[in-house]
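Enquirer: Could you look at this predicted model? Sequence included:
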Amino acid sequence: MSSTSPSATSSRRWLALGLIAAAQFMVIMDTSIIGVALPEIQQDLGFTPEGLSWVFNAYVVAFGGLLLLGGRLSDLLGARRIFSTGWVVLATGSLVAGFAGGPTAELIGRAAQGAGSALIAPAALTLLFTVFGSTPNELTKALAVYGAAAPAGGTAGVFLGGILTQFASWPWVFFINVPLAAAVVALARSVMPTSVARRGSVDVAGATTVTLGLASIVFAVVRAPQAGWTSPSTLAAGLVGLVLVGVFVAVQAKTEEPLVRLGIFKAPNLTAANAAQFLLGAAWIPMFFFVNLYLQQVLGLGAFASGAALLPLTVTIMVGMITVAPRFIARFGPKTPTVAGLATLAAGLTWLSFIRADGSFWFDVLPASLVTAAGMAMAFIPSLGLAVSSAAPEEAGLAAGIVNTNYQIGSALGLAAMTAVAAAFGTHGPAVDLGGLTDGYSAALIGAAVIAAAGAGVAAAWLRRAPTQSPTEAVADEQVPA
């Protein structure tokens, strides 16, 4: 329950949205900004080729494993407090990673960055609904800005990583987080709504079990393409993760104050919207990954030029989310654009799968990538809005943690699975075979198209249609009393 709110001053509300969008921007940017810097990090810190991937994976494992805990803490202690705390943790991890003198310190810093992001992400989404939830039309616009910050962060990470690595040094891809974190923490107190801490305790056993379980699953998924899907380490980590998640579910059903109240999944549309977000992430992230590889490894573009080539896609997503998606939601409600967006994404991915070894950006990538961008722009906002607003207000943080977890786990699973598909259908050998690389990338894009089509089917079958103007109104009409 908000005790103070920035709603009285419109400028404060939109400044609050700016901080929330900055959070989404930073969370995504931190996954992409290190790509160009990895060779220098390996050389300076002495990473093995196998260990270098964990500069990326340490962030993903910590982020995915702690999101549910971050959502629960946001509900209990107040979203603004957890939001600010997350930025402090992120800045601290950034300093550790930037000043690291060896692999161990670097990975600790990256894991701390992931932990900070796991606090920031659900708290930011909760704050967005707190600030704009009473005005459905503005909520849709705010969700559009929030959603558009993600592709902007991904593209900006590629650009900034290249610029900072070339003209400064690799530690600055981490240090850049610190002044932004300081500015956000300083402003949050004056523009973000406060909330009264609710009575309740953190389910320590549940938090530990689900965090270790999700982290083990993410560990198995991100390691599988390197170690092999049937390797002992992959199977052991996956099995341990599934067992721990099973134990977690059993414990939650019996705990008086659970970390995740299982009854939340009975809320209309919440499970279906989360399934749509899971499949959306599983289709979208592989597309972004393999198109980038095609641009660099087949067409021969550098990292910076490849980032520039993805600008039209990024701009299309941002414009679509901010201007087109809200109109679709107002006209048709949230279900239709979710289904249409996932179907359009599937069509664009199928088109992209026709890439050629002797192709070009203008013919093989640009037109189809714009179709995928239009699909992503249509599907992301309504499914995200339903996933959060379907829950009771006092569980908004938990709902935000659940949907963020689903999208991240879906992204990791989709990328790992499509990496395996690319390896299975591509050719291998000591010499670079552009035709073989392209065959593998094409197969992965077809696989991603199948996932997006499955998402469209799930949304069409499970999401309830309501004559509404926004996700919030849809849920208000359908939600059962808590």
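Expert: Cool, the structure landed.

Enquirer: For residue 437, the count of nearby residues, please.
Expert: Neighbour count of residue 437, defined by other CB atoms under 10 Å: 20. From N, CA and C alone the C-beta is placed, and that goes for glycine too.

Enquirer: Break down the stretch 351-482 of the chain into its helices, ranges please.
Expert: Remark: helices assigned in the stretch 351-482 of the chain by DSSP state H, counting those that start in this stretch are 366-389, 396-425, 434-462, 471-478.

Enquirer: Ok, which of those helices comes nearest residue 278?
Expert: Among those, helix 396-425 comes nearest to residue 278, with 3.7 Å by CB to CB.

Enquirer: when you compare where the closest one runs with where helix 434-462 runs, what's the angle?
Expert: Calculated by axes from the mean of the first three to the mean of the last three CA atoms, to 10 degrees, helix 396-425 forms an angle of 140 degrees with helix 434-462.

Enquirer: ok now helix 396-425, how far from the chain's centre?
Expert: 8 Å (CA atoms, centre = their mean, to the nearest Å).

Enquirer: swap in stretch 346-356?
Expert: For stretch 346-356, the distance to the chain centre is 23 Å (CA atoms, centre = their mean).

Enquirer: Next: stretch 110-130.
Expert: 11 Å.

Enquirer: now that stretch: mean pLDDT?
Expert: Averaging pLDDT along stretch 110-130 gives 90.

Enquirer: Leaving out sequence neighbours, find the closest residue to the residue nearest the centre of the chain.
Expert: Nearest to the geometric centre of the chain sits residue 408, at 5.0 Å (CA atoms, centre = their mean). The shortest distance from residue 408 to any non-neighbouring residue, by CB to CB, 6 or more residues apart in numbering, is to residue 64 (4.5 Å).

Enquirer: packing partners for the strand or helix carrying that neighbour?
Expert: Assessed by DSSP states H and E, residue 64 sits inside helix 54-77. Counting contacts by 3 or more CB pairs under 8 Å, 6 or more residues apart in numbering; DSSP states H and E, helix 54-77 packs against helix 10-32, helix 38-45, helix 79-99, helix 103-132, helix 204-227, helix 396-425.

Enquirer: Name the single longest helix found in the chain.
Expert: Longest helix in the chain, counting residues (DSSP state H): helix 136-167.

Enquirer: can you pull the buried residues of it?
Expert: 136, 138-162, 164-165 (16 or more other CB atoms under 10 Å).

Enquirer: low-scoring stretches of this protein, by residue?
Expert: Along the chain, the model assigns pLDDT under 70 to residues 1-10, 49-50, 195-201, 303, 427-432, 465-482.

Enquirer: Just the residues contacting stretch 360-368, thanks.
Expert: Residues from elsewhere that reach stretch 360-368 (CB atoms under 8 Å, 6 or more residues apart in numbering): 291, 294-295, 299, 301, 309, 312, 348-349, 351-352, 354-356, 359.

Enquirer: Can you select the buried ones from those residues in PyMOL?
Expert: Buried residues within those, by 16+ other CB under 10 Å, are selected in PyMOL with:
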select buried, resi 291+294+295+299+301+309+312+348+349+351+352+355+359
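
Enquirer: Remind me what the longest helix of the chain packs against, helices and strands.
Expert: Under the contact rule (3+ CB pairs under 8 Å, 6+ apart), helix 136-167 is packed against helix 10-32, helix 103-132, helix 172-175, helix 303-309, helix 311-319, helix 325-332, helix 366-389, helix 471-478.

Enquirer: Check the offset of it from the chain's centre.
Expert: Remark: helix 136-167 is offset 12 Å from the chain centroid, using CA atoms, centre = their mean.

Enquirer: Please apply the same query to stretch 243-258.
Expert: 25 Å.

Enquirer: before we move on, the earlier item: adding distance to residue 38, write the helices of the stretch 351-482 of the chain out as a markdown table.
Expert: Shown next, in a markdown table, are these (distance: least, CB to CB, whole Å):
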| stretch | distance to residue 38 |
| --- | --- |
| helix 366-389 | 24 |
| helix 396-425 | 17 |
| helix 434-462 | 20 |
| helix 471-478 | 38 |
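
Enquirer: Show me how the chain divides into domains.
Expert: Following automatic domain parsing, one gets these domains for the chain: 1-196, 203-258, 264-482.

Enquirer: what sits against residue 96?
Expert: Counted by CB under 8 Å, 6+ apart, residue 96 has contacts 105, 108, 109, 112.

Enquirer: what's the answer for residue 22, then?
Expert: 149, 180, 184.

Enquirer: 10 Å - rerun?
Expert: 29, 87, 120, 124, 149, 153, 180, 181, 183, 184, 187 (CB atoms under 10 Å, 6 or more residues apart in numbering).

Enquirer: so the second one touches residue 81, yeah?
Expert: No. Applying CB atoms under 10 Å as the test, residue 87 and residue 81 come out as separate, 11.2 Å apart.

Enquirer: wouldn't residue 449 be in contact with residue 346 here?
Expert: Yes. The pair residue 449 / residue 346 is scored as a contact, 4.8 Å apart, by CB under 10 Å.

Enquirer: got any residues that touch both of those two?
Expert: 283, 372.

Enquirer: quick revisit: which one of the helices and strands packed on helix 136-167 lies closest to residue 97?
Expert: Evaluated with CB to CB, those place helix 103-132 nearest to residue 97, the distance being 3.0 Å.

Enquirer: quick one: the nearest residue to residue 57 once chain neighbours are set aside from residue 61, how far?
Expert: Leaving aside its sequence neighbours, residue 57 sits nearest to residue 222 (CB to CB, 6+ apart; 4.6 Å). According to CB to CB, to the nearest Å, residue 222 stands 7 Å off from residue 61.

Enquirer: overlap in contacts of the two?
Expert: Common neighbours of residue 222 and residue 61 (CB under 10 Å, 6+ apart) are 54, 412.

Enquirer: Selection in PyMOL covering whichever of the contacts of residue 22 are buried, please.
Expert: For the buried members of those, the matching PyMOL selection, counting by 16+ other CB under 10 Å, is:
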select buried, resi 29+87+120+124+149+153+180+181+184+187
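
Enquirer: possible to save the contacts of residue 22 as JSON lines with distance to residue 12?
Expert: Below are those laid out as JSON lines (distance: CB to CB, whole Å):
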{"residue": "29", "distance to residue 12": "25"}
{"residue": "87", "distance to residue 12": "19"}
{"residue": "120", "distance to residue 12": "20"}
{"residue": "124", "distance to residue 12": "16"}
{"residue": "149", "distance to residue 12": "19"}
{"residue": "153", "distance to residue 12": "24"}
{"residue": "180", "distance to residue 12": "20"}
{"residue": "181", "distance to residue 12": "20"}
{"residue": "183", "distance to residue 12": "16"}
{"residue": "184", "distance to residue 12": "15"}
{"residue": "187", "distance to residue 12": "10"}
